[in-house]
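Colleague: could you look at this predicted model? Sequence included:
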Amino acid sequence: MDKSKRKLTPALKQYLEIKEQYKNTLLMFRMGDFYELFFEDAKIAAKELEITLTSRGFGKSAEKVPMCGVPYHSVEPYIEKLVRKGYKVAICEQMEEPKPGKKVVKREVVRIVTPGTYFEDEKEDRFLMAIYPEGKNFGISWTELSTGDLFFTTTDKDGLLNIISKFKPKELIVPEKLKALFKEVKSLSPETFFQTKEESYFKDEETIITERKGEVKSLSALKKFIEETQIEFIPKLKRPKRYSEDSFMYIDPHTCRSLEIVESMNNSRKEYSLFGILDKTLTGMGRRFLKFSLLHPLKEKEEIEARLDSVEELMNSFLIAESIGDILKNVYDIERLLSKITSGVASPKDLAALRRSIKDLPELKKHLLSMSSKLLKSLGKDLDTLEDIYCELERTIVENPPFSSREGGIIKRGVNKELDELKTILEEGEEIIKKIEEREKKRTGISSLKIKFNNVFGYYIEVSKANLHLVPDDYMRRQTLVNAERFITPELKEFEEKILSAKEKVEKLEYTIFVNIRKFITQNTERIQHTAEIIGKIDFLLSLAKVAVERGYTKPEIDNSYNLKIEEGKHPVLEKFLEEDFISNSVNLTKDKSFAIVTGPNMGGKSVFLRQTALITLMAQIGSFVPAKKAKIGVVDRIFSRVGASDNLSRGLSTFMMEMVETANILHNATEKSLLILDEIGRGTSTYDGMSIARAVVEYITAKIGAKTLFATHYHELTELEKEIDSVFNLHVSVKEINGKIVFTHKVLPGISEKSYGIHVAELAGLPESVIERAREILISIEEKNQLKELELPIFNIQKEEKRKIEQTITESESELIKELESIDISTTTPLDALMILARLKKMIKKV
C-alpha cells in the first residue's frame with residue numbers, strides 16, 4: 001500500500017513529511033526516550049547496527065510498520081557506526097514538551113551527521129574537504145570540525161593527491177566534472193566518501209584575502225555544506241589559514257607509505273610506524289601536532305635548532321619535565337571540547353573537563369618561563385592561562401555535574417538567588433513529608449501509615465487493609481491494592497504541586513544559566529584555541545624528549561650545507577621491535593661523493609639501510625633527537641623513496657609501470673637539496689632493459705640533479721660506474737660464508753659485494769633441495785659461458801631426479817640398519833637396553 005494512502009497516526013504522518021525532505025538520509029526520529037527509525041530506514045539501521053527489527057501497527061489500518069530504535073542517552077555509538085559506513089544520519093528532535101490533549105509535538109531536524117561532520121569522534125581526525133578545478137590546478141579547502149582547523153590552498157594534481165594522502169579526508173565535496181578523481185582518491189584514502197554537487201553549489205560567496213577563484217569556490221562550498229548539515233550545531237571554525245607546502249620538506253604519498261611514517265604498510269597499525277615510536281603525547285592537541293610535523297618536516301635551520309634546544313633542555317630538566325607531564329595528564333582535548341561548546345552539543349561534563357584542563361595553566365606558564373631555551377620561553381610568554389574562564393566555571397559548575405543539561409544538578413549554590421530558594425524548597429520537601437507522615441500516624445493511630453511517591457499519582461498515603469477502619473473522612477481514595485489502599489489529601493496535593501513546580505523551575509533556570517556559560521566560553525573561542533595550540537606544541541616537545549631519553553637518542557647537528565653524515569645509525573622502528581641487537585650502520589654523503597651504489601644479497605639489510613637514512617634525516621628536521629652515535633644533517637628540501645614493488649590495480653598499472661611512474665616523478669621533481677633512496681630500479685622488466693634503465697637513471701641523477709642518493713641494486717655491472725663518474729661510490733652489505741652456508745651480518749661497508757648469494761637465500765627460504773642443486777648447476781654453466789643463450793644443459797627431469805634421491809636414501813638407510821644390527825651383543829644386553837635398541841630400530845625401519 002502507498003504510504004500516503006495509509007490511515008496513519010499523527011506522529012507517523014509527521015515522520016513521513018519530514019522524511020520527504022531527507023530522502024537519502026537515515027532519519028532518527030525522537031519519540032520520548034528513544035530515537036526511532038521506520039520503513040526502509042529501520043531495515044538498514046537494524047542490519048548495520050545489529051539491533052532488533054520489529055514492527056508495530058499505526059493507525060486504523062492496523063498494518064504493521066517496520067521499526068527499530070536506540071536510547072537517546074546512548075545514541076552516539078550508533079551514529080558513529082552508521083557514519084563510518086558512509087551513511088548520512090538526520091537527527092530529528094522534539095522541540096516542545098508533550099502536553100495533555102496535544103496529539104503530536106513539534107519536531108524538527110536539528111543536524112545531519114555525515115562521515116566528514118561527525119565531530120564527537122575523539123579517536124581520529126575526520127577531515128571534510130571541498131575541491132574546485134581552476135585551469136590545470138585545483139582550489140582546495142578542508143576542515144576538521146572537532147578542532148576548528150580550516151585550511152585552503154591552490155595546487156596541481158600531484159599536490160592535490162599529496163594533500164589527500166596526508167590528511168585522508170572522510171568526505172569530499174566535488175563538482176560533477178571531477179567524478180574521474182574517484183579511483184585515484186580511493187587508492188590513496190580508501191575511507192573517503194564523495195559528495196558530488198552541481199556547479200551552482202560552488203559560488204563566489206566566501207570573503208577571504210585571495211583572488212584565486214578555485215579557493216573562493218571551494219571554501220564557499222565547504223561552509224555551505226557545514227551550514228546545511230549542522231543547522232543548529234555549527235562549531236566555530238578558526239580563521240582560514242593558507243596551507244603552503246613550500247614551508248615544509250616535501251614528502252610524496254609513496255614515500256610516506258614506504259617509509260611507514262604514520263602507519264605500517266602491511267597492517268595500517270600506528271605502533272609499527274615512526275609516529276608510533278615517537279608518540280608519547282599526553283593530549284589530543286599534542287598527538288595531532290606530532291602527526292602534522294612528521295608529514296611536514298621543517299626546512300628552516302633556525303626553527304629546527306629551536307626545537308632541538310627545547311627537547312634537550314626538557315631532557316636535562318628532569319623534575320620540571322615531570323611536573324609539566326603531570327599537568328598535561330589532566331588536560332583533556334581542549335580543541336574538541338571547544339567545538340562541542342561552540343556548536344551547542346556540549347554536556348555539563350564537558351564544561352567540567354574544560355575547567356579541569358585549564359586549572360593548572362598558571363603553574364605550566366611558570367615552569368615554561370623558568371626555562372632558558374628560546375622556544376620554551378616564547379611559548380611560556382604566549383600562553384594565556386585563561387584564569388577568568390576557570391574562575392567562572394569554578395564559581396558556577398558543581399564538582400561532578402551530570403551528563404544531561406536539562407535535568408538540573410549542574411549549578412552551584414550562590415550563583416542565582418531564585419535558584420537557591422527553589423533548591424531549598426526541594427531539599428526541605430523530604431523533611432516536610434516526614435513531618436506530615438509522623439503527624440498523620442498520631443492523628444489516625446495507624447503506626448504503619450506511609451507517604452510515598454510515583455509518577456502516576458504523585459504523593460499519596462498508603463494504608464494497609466487491616467487499618468482501613470481508622471482512615472479519617474478527609475482522606476480521598478485513589479487506588480485499591482491487594483493488601484492496601486492509597487489516599488490523597490488536599491494538603492498533600494498542594495504540597496506536591498509546589499514541589500513539582502519547584503523542580504521544573506530549577507531545571508529550566510539551571511539550563512538557562514548553563515547556556516549563558518556556554519555563550520561566555522564561545523565569546524572567548526580564539527583565546528582558548530590559541531592556548532590549546534600552545535599546549536599541543538609543548539606536549540609534542542615533551543614527547544620527543546621522553547623518547548630520546550628512553551631510546552638513548554643523540555642530538556643531531558643541523559646546517560645548510562650539502563652534506564649528510566650519520567655515524568652508527570639505526571632504524572628507529574626495527575631497533576625497538578627486533579629482539580636481537582640491531583646492527584648500526586654509517587653513511588657519509590658529500591658534494592664530491594653524493595651517490596652511493598649499494599649491493600648485497602636480499603635479506604642482507606639494504607632496504608633497511610636506505611630507509612633508516614631517510615627516517616633519521618626526517619626525524620632531525622622535525623626537531624627530534626635521532627637513533628645514531630652522531631649525525632650531521634644538511635637541511636633537505638625533499639625526500640623521495642622508490643623502495644618496494646607496488647601494483648596499483650585501481651589505476652590499471654602493473655608493478656613495472658608503477659615503478660616507472662614513481663621514478664619519473666622523482667626525476668622531474670628532485671633538486672640538488674633532495675635525498676633520494678632508490679631500491680632495485682629496473683627489476684620489473686627483462687635483465688638487459690632493467691640494467692639499461694638503471695644505468696640511465698644513475699647518469700641522469702649525477703649529471704642533471706646532483707641529489708644525495710642511496711641506490712640499491714642487484715645489477716653488479718653498475719658498480720663499475722665508480723670508475724667513470726666522480727660522485728659515485730660503492731657500498732655493500734657484508735655476508736659471512738661458513739661451510740657453504742651464509743650468515744647475514746647486516747653491516748654496510750665500502751666496496752662491492754662479491755656475489756648476490758641469491759641461491760643461498762632461496763635455500764634459507766625452504767625451496768626443495770633438488771631445485772637448489774639444479775640452480776647451482778645452471779649458475780656454474782652461466783658463469784663459465786658468460787651468456788645465458790649459449791647454455792648447453794639437458795632439461796631437468798624432476799621424476800628421474802627424485803627417484804635417484806629416493807634410491808640413494810634407501811641404500812644409506814639399509815646400510816645404517818645393518819651396522820646397527822651387527823653391533824648388538826645379545827649376551828650382555830639388559831632388558832632396558834633391549835627396549836632402547838628396539839625403539840632405535842623402529843625409527844630406522846620407518847626411514848626405509
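Modeller: Here it is on my side, so go on. Numbering: from 1, shown residues only.
Colleague: end-to-end on stretch 641-661?
Modeller: 12 Å (C-alpha to C-alpha, to the nearest Å).
Colleague: could you give the mean pLDDT of it?
Modeller: When pLDDT is averaged over stretch 641-661, the result is 64.
Colleague: try stretch 84-102
Modeller: 83.
Colleague: can you check stretch 473-480 too?
Modeller: On average, stretch 473-480 scores 92.
Colleague: count of neighbours near D539?
Modeller: 25 (other C-beta atoms under 10 Å). From N, CA and C alone the C-beta is placed, and that goes for glycine too.
Colleague: that one contacts L328, correct?
Modeller: Yes: the pair D539 and L328 passes the contact test of C-beta atoms under 8 Å, sitting 5.6 Å apart.
Colleague: between those two, which contacts overlap?
Modeller: 282-283, 286 (C-beta atoms under 8 Å, 6 or more residues apart in numbering).
Colleague: between those, which is nearest I79?
Modeller: I79 lies nearest to T283 out of these, by C-beta to C-beta, at 25.1 Å.
Colleague: my read is that the closest one contacts V331, right?
Modeller: Yes: the pair T283 / V331 is scored as a contact, 5.1 Å apart, by C-beta under 8 Å.
Colleague: shared neighbours, these two?
Modeller: I535.
Colleague: what's the helix or strand where L710 lies in contact with?
Modeller: Element membership of L710, judged by DSSP states H and E, is strand 708-712. Strand 708-712 is contacted from outside by 562, 564, 587, 589, 594-599, 606-607, 609-610, 613, 636, 674-681, 698, 701, 718, using C-beta under 8 Å, 6+ apart.
Colleague: L37 is in what secondary structure piece?
Modeller: strand 34-38.
Colleague: average pLDDT for that strand?
Modeller: Here the average pLDDT along strand 34-38 is 95.
Colleague: and it, which strands flank it?
Modeller: Applying DSSP bridges, strand 34-38 is found paired with strand 26-31 (antiparallel), strand 64-71 (antiparallel).
Colleague: so which bits of the last one are buried?
Modeller: Buried positions in strand 64-71, judged by neighbour count with 16 or more other C-beta atoms under 10 Å: 65-70.
Colleague: output it as PDB, restricted to C-alpha atoms.
Modeller: Taking Å, rounded to 0.1, in the frame of the first residue of the first chain, the C-alpha atoms of strand 64-71 are listed here in PDB:
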ATOM      1  CA  LYS A  64       2.400  -3.200  10.800                       C
ATOM      2  CA  VAL A  65       5.300  -0.800  10.000                       C
ATOM      3  CA  PRO A  66       9.000  -2.000  10.300                       C
ATOM      4  CA  MET A  67      10.700  -0.100  13.000                       C
ATOM      5  CA  CYS A  68      13.800  -0.100  15.300                       C
ATOM      6  CA  GLY A  69      15.100   2.300  17.900                       C
ATOM      7  CA  VAL A  70      18.000   3.300  20.100                       C
ATOM      8  CA  PRO A  71      18.000   5.100  23.500                       C
END
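Colleague: next structured bit after the strand holding L710?
Modeller: Heading C-terminal from strand 708-712 (DSSP H and E), you reach helix 721-724.
Colleague: tell me which element the most centrally placed residue in the chain falls in.
Modeller: The chain has E124 as the residue nearest its centroid, 4.2 Å off, counting by C-alpha atoms, centre = their mean. Assigned by DSSP H and E, E124 falls within no helix or strand.
Colleague: hmm, R212 is touching F138, no?
Modeller: No: R212 sits out of contact with F138 when judged by C-beta under 8 Å, with a separation of 10.5 Å.
Colleague: neighbour-wise, which of these two wins?
Modeller: F138 (24 against 16).
Colleague: quick one: contacts of the host helix or strand of that one?
Modeller: Under the criterion of DSSP H and E, F138 resides in strand 137-144. Residues outside strand 137-144 that contact it (C-beta under 8 Å, 6+ apart): 119, 125-133, 149-157, 159-160, 163, 167, 169, 212-219, 221-222, 226, 237, 240.
Colleague: next, count neighbours for E93.
Modeller: Count around E93 with other C-beta under 10 Å applied: 17.
Colleague: tell me the bridge partners for it.
Modeller: Beta-bridge partners of E93, as defined by DSSP bridges: E108.
Colleague: how close does it sit to V75?
Modeller: 11 Å (C-beta to C-beta, to the nearest Å).
Colleague: same deal with D679?
Modeller: Separation of D679 from V75 (C-beta to C-beta): 50 Å.
Colleague: contacting residues around T342?
Modeller: So T342 contacts 148, 235-236, 521-522, 525 (C-beta under 8 Å, 6+ apart).
Colleague: give me the nearest residue to V345, chain neighbours excluded.
Modeller: With C-beta to C-beta, 6 or more residues apart in numbering as the criterion, V345 has its nearest non-adjacent residue at 5.5 Å, and that residue is F233.
Colleague: for that neighbour, phi and psi?
Modeller: Note on F233: its backbone torsions stand at phi -130, psi 50 [degrees, to the nearest 10].
Colleague: where along the stretch 501-650 of the chain do the strands fall?
Modeller: Ranges of strands in the stretch 501-650 of the chain, per DSSP state E, counting those that start in this stretch, are 557-559, 564-569, 585-589, 595-599, 630-634, 638-642.
Colleague: ok now the fourth one, how far from the chain's centre?
Modeller: From the chain centre to the centre of strand 595-599 is a distance of 36 Å (C-alpha atoms, centre = their mean, to the nearest Å).
Colleague: just want the angle from it to strand 585-589.
Modeller: 150 degrees (axes from the mean of the first three to the mean of the last three C-alpha atoms, to 10 degrees).
Colleague: what pairs with strand 595-599, parallel or antiparallel?
Modeller: strand 708-712 (parallel), strand 728-738 (parallel).
Colleague: and the ones you listed, which is most packed in?
Modeller: Most buried of those, by mean neighbour count (mean count of other C-beta atoms under 10 Å): strand 708-712, with a mean of 26.
Colleague: and for the spatially closest residue to D539 that is not a sequence neighbour, the neighbour number?
Modeller: Nearest in space to D539, with sequence neighbours left out and distances taken as C-beta to C-beta, 6+ apart, is G286 at 2.6 Å. Using other C-beta under 10 Å, G286 is surrounded by 24 other residues.
Colleague: then the one 3 residues further on?
Modeller: For F289, the number of neighbouring residues by other C-beta under 10 Å comes to 21.
Colleague: may I ask which helix or strand encompasses it?
Modeller: helix 284-295.
Colleague: list the buried residues of the longest helix seen in the chain.
Modeller: Looking across the chain with DSSP state H, the single longest helix is helix 490-523. Residues of helix 490-523 classed as buried: 492, 495-496, 499, 502-503, 505-507, 509-511, 513-514, 517-518, 521-522 (neighbour count, 16+ other C-beta under 10 Å).
Colleague: which elements pack onto that helix?
Modeller: Other elements packing on helix 490-523 under the criterion 3 or more C-beta pairs under 8 Å, 6 or more residues apart in numbering; DSSP states H and E are helix 334-343, helix 348-358, helix 387-396, helix 417-444, strand 458-464.
Colleague: figure out how far the last one is from the centre of its chain.
Modeller: Using C-alpha atoms, centre = their mean, we find the averaged C-alpha position of strand 458-464 to lie 57 Å away from the chain's own average C-alpha position.
Colleague: picking up where we left off before, same list (the strands paired with strand 595-599) but as a markdown table, adding distance to A694 and mean pLDDT.
Modeller: Formatted as a markdown table, the strands paired with strand 595-599 follow (distance: least, C-beta to C-beta, whole Å; pLDDT from 0 to 100):
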| stretch | distance to A694 | mean pLDDT |
| --- | --- | --- |
| strand 708-712 | 8 | 96 |
| strand 728-738 | 13 | 87 |
